[in-house]
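*Asks:* heads up, no residue letters with this:
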């Protein structure tokens, strides 16, 4: 399940198919708690830029501690330095998966964040020799081209930026992130996953 805890972002990347800006909506705790009741175990915390949500750490704790949560993954632009470094440390320990977006489309961020997400030769050597950090789940993502056509464009409509059940900040639930996605309902009134295997029309 992809939880879009905010549709706000503090960057304006050309490749963003969600067309996020500084204006948008934040998910409330009630909506989050309802969404987690429908979780199938895997939660991807997204946005917008999820770390700028004013209640990010409270939401993170709710997600990680929920009985239905088996795994958590998050992608960040790294702009919130302290928060990003903390997420990198959790990912290095294997508690969560965390990716840092670093490419020509993103604004510059603190070098300490990039370093925190970088798997060093020493990390790799220790993993081989001592078995340490075998669960290291840090990564740096680099986009090399506008794969989906860029902001608000959708370019190649045969691709989906998020091919999984998506919960919007207001609680609306969609089949995926496609431009022709299907609304399944909302977390407050309930929703049903259809009886067919292809929820994403482009998957």
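*Replies:* Yep, that arrived. Model, not experiment: these values are computed from the prediction. Numbers count the residues shown, from 1 in each chain.
*Asks:* And the strands in the protein?
*Replies:* With DSSP state E as the criterion, the chain has strands at 2-4, 42-46, 71-76, 97-101, 138-141, 166-167, 172-174, 183-186, 190-191.
*Asks:* got these as a markdown table, with mean neighbour count, distance to residue 111 and mean pLDDT columns?
*Replies:* Every residue, glycine included, has its C-beta placed from N, CA and C. Compiled in a markdown table, the strands of the chain are given as follows (neighbours: other C-beta atoms under 10 Å; distance: least, C-beta to C-beta, whole Å; pLDDT from 0 to 100):
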| stretch | mean neighbour count | distance to residue 111 | mean pLDDT |
| --- | --- | --- | --- |
| strand 2-4 | 24 | 29 | 96 |
| strand 42-46 | 21 | 24 | 96 |
| strand 71-76 | 20 | 16 | 97 |
| strand 97-101 | 21 | 12 | 96 |
| strand 138-141 | 16 | 13 | 92 |
| strand 166-167 | 26 | 33 | 94 |
| strand 172-174 | 21 | 37 | 94 |
| strand 183-186 | 16 | 42 | 93 |
| strand 190-191 | 15 | 43 | 86 |
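*Asks:* I'd like those laid out as a markdown table, including distance to residue 84.
*Replies:* Shown next, in a markdown table, are those (distance: least, C-beta to C-beta, whole Å):
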| stretch | distance to residue 84 |
| --- | --- |
| strand 2-4 | 18 |
| strand 42-46 | 13 |
| strand 71-76 | 5 |
| strand 97-101 | 7 |
| strand 138-141 | 11 |
| strand 166-167 | 23 |
| strand 172-174 | 28 |
| strand 183-186 | 31 |
| strand 190-191 | 32 |
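*Asks:* which one of the ones you listed lies closest to residue 10?
*Replies:* Nearest to residue 10 among those is strand 71-76; the distance by C-beta to C-beta comes to 11.0 Å.
*Asks:* name the helices or strands packed onto that closest one?
*Replies:* Packing contacts for strand 71-76, counted by 3 or more C-beta pairs under 8 Å, 6 or more residues apart in numbering; DSSP states H and E, involve strand 42-46, helix 81-92, strand 97-101.
*Asks:* Now those in JSON lines, please, with extra columns for distance to residue 13.
*Replies:* As requested, those are exported to JSON lines (distance: least, C-beta to C-beta, whole Å):
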{"stretch": "strand 42-46", "distance to residue 13": "14"}
{"stretch": "helix 81-92", "distance to residue 13": "16"}
{"stretch": "strand 97-101", "distance to residue 13": "8"}
